[in-house]
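Engineer: next come a sequence and a model predicted from it.
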Amino acid sequence: MKLTFLGGAGTVTGSKILLEINYKKILIDCGLFQGLKELRLKNWDKLPVDLNELDLVILTHAHLDHSGYLPVLIKNGYKGEIYCTEATKDLTEIILLDSGKIQEEDAKRGNKYEYTKHKPAKPLYDVEDAKKVILHLKTFELNKWNTIDEEIQFKFLNSGHILGSAFVLIKVNEKIIAFSGDIGRKKPILLPQFEYIEKANYLVIESTYGNRIHKDISITDELNKYIKHTYSKKGILIIPTFSVERAQEIIYLLSILKREKKLPNIPIYLDSPMGVNATEVYFKHENIHNLSKKDVKSMLNTVHLISNISASKAVVNDDAPKIVLAGSGMLTGGRVLHYLDKYIEDKKNSILIVGFQAEGTRGRALLAGDSEIKFFGKFHKINAEIFKINAFSGHADQSELLDWLKHFKRAPVLTFINHGEPHQSQALKVKIKTDLNWNCTVAKMNNMYYLN
């Protein structure tokens, strides 16, 4: 057996892990690179795998950095199936269609305003490419071994990261390789806690927050503080929001504040077609989250859901105080840029960051204190106040990762640490070796690792 990390090693984006078992080639996740230009350019590179020899793709969850390269895979000739949970299928469809549309729009805008050196600019893939992926998705239940062939089985276990997210266990002649994907918090806002795994011969674990402990604070109080602060300035609060999980968490917390009569009397908008659709998926899969019917009703009464473009333009052009949730969460594209275009240069407004910001993203630039950011082909001065709530993270912190690892009955032969920037992965490696005395290594991009 052999593992090759084709993405998500030394970075938090582009997750792709190739598992080769004699005659079988299985790809765990198929994510898009985001952030730094040198990473984004990798999306255009030919994948070092003969797609005629690739037997299967298995998704841990729907986020773009784990599923976003699938349309390219299909476009380039992959004809096999893509295994996932039912909720992951529903969310992947929404995410990929949105991604294809954004890429089409970015290319169109770049050509119209000539702020790209490519003549003409082309999208990596379009909506039609994204639609073709949906035909390949095949769903499986959690907690059940499924047969790939006479020697190989796999199983999904709840990972508590987003709706439908799962650990992937692959059993080869009684040897188990476990892939964590992204691991959720010990007490998620909307979801059941992650499952524990008792044994695996080999483990691949994420390290997004491998060097950090999340602060134990009241997120609702923090959120309310920034809402009231911005309202006191008669400003607009813009929350760049990941459309899957984070949007639903914030709407839920806002509904609590509204029920408790703690919110000022201002409109709240979710301006994201993908966010609206993803919220409907949450309500559809009522058996795998913790929301009651009362919670759902309260959420729908709290936020105006904006899908069509004319309604979006009207909200953008309305200068009255409001709260706007809009994608994308790292400011890499989407409708949030139209709000920033109009409001980022006014100091009475605020931007609240509520998730991890990868290197090279506009969100990371805001947090770094940059004086301006570039989008729509020009630079915009940052005069709005910038705030961040770390406790929103959907990723386990260092202590939660260690808690999860401690439930293994015995140490894996080797643990691979991936999905983290170098200092995060290295910090987790040191901690695992010190506290658990496990044999572990930080995965390197394109390195081949042989499993005994």
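Structural biologist: Good, I have the coordinates.

Engineer: and stretch 71-87, what's buried?
Structural biologist: 71-75, 78, 80, 82-87 (16 or more other C-beta atoms under 10 Å). (Glycine included, C-beta is placed from N, CA and C.)

Engineer: and that stretch, how far out from the chain middle?
Structural biologist: Its chain's C-alpha centre and that of stretch 71-87 lie 18 Å apart, by C-alpha atoms, centre = their mean, to the nearest Å.

Engineer: stretch 393-403 now?
Structural biologist: The mean C-alpha position of stretch 393-403 is separated from the chain mean by 16 Å, C-alpha atoms, centre = their mean.

Engineer: how about stretch 442-449?
Structural biologist: 22 Å.

Engineer: buried set for that stretch?
Structural biologist: 442-443, 445, 449.

Engineer: between the two ends of that stretch, how far is it?
Structural biologist: Stretch 442-449 has an end-to-end distance of 11 Å (C-alpha to C-alpha, to the nearest Å).

Engineer: mind listing residues that contact that stretch?
Structural biologist: Applying C-beta atoms under 8 Å, 6 or more residues apart in numbering, the contact partners of stretch 442-449 are 2-7, 9-10, 48, 204, 414, 416-418, 422, 425-426, 429, 441.

Engineer: distance of Thr434 from Glu421?
Structural biologist: Distance of Thr434 to Glu421, computed by C-beta to C-beta, to the nearest Å: 20 Å.

Engineer: this protein: helices as residue ranges?
Structural biologist: 37-40, 64-67, 70-75, 86-113, 127-134, 219-232, 246-259, 273-284, 293-302, 309-317, 336-343, 362-367, 398-406, 422-436 (DSSP state H).

Engineer: got the buried residues of stretch 442-449 as TSV, with distance to Gly329 columns?
Structural biologist: Formatted as TSV, the buried residues of stretch 442-449 follow (distance: C-beta to C-beta, whole Å):
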residue	distance to Gly329
Val442	26
Ala443	25
Met445	24
Tyr449	32
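
Engineer: could you single out the nearest of these to Leu157?
Structural biologist: Ranked by distance to Leu157 (C-beta to C-beta), those are led by Ala443 at 21.2 Å.

Engineer: so what's that closest one scoring on pLDDT?
Structural biologist: pLDDT, the model's per-residue confidence, is 98 for Ala443.

Engineer: now do Asn390
Structural biologist: So Asn390 comes in at 83 (pLDDT).

Engineer: now do it against Phe242, distance only.
Structural biologist: For Asn390, the distance to Phe242 - C-beta to C-beta - is 15 Å.

Engineer: okay, the two: which has more neighbours?
Structural biologist: Neighbour totals were compared for Asn390 and Phe242, and Phe242 leads with 27 against 18 (other C-beta atoms under 10 Å).

Engineer: just the buried ones from the contacts of stretch 442-449, in ChimeraX syntax?
Structural biologist: To isolate the buried ones among the contacts of stretch 442-449 in ChimeraX, judged by 16+ other C-beta under 10 Å, type:
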select :3,4,5,6,7,9,10,204,414,416,417,418,425,426,429
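
Engineer: possible to save the buried residues of stretch 71-87 as CSV with pLDDT?
Structural biologist: Listed next are the buried residues of stretch 71-87 as CSV, based on pLDDT from 0 to 100:
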residue, pLDDT
Pro71, 98
Val72, 97
Leu73, 98
Ile74, 97
Lys75, 96
Tyr78, 98
Gly80, 98
Ile82, 98
Tyr83, 98
Cys84, 98
Thr85, 98
Glu86, 98
Ala87, 97
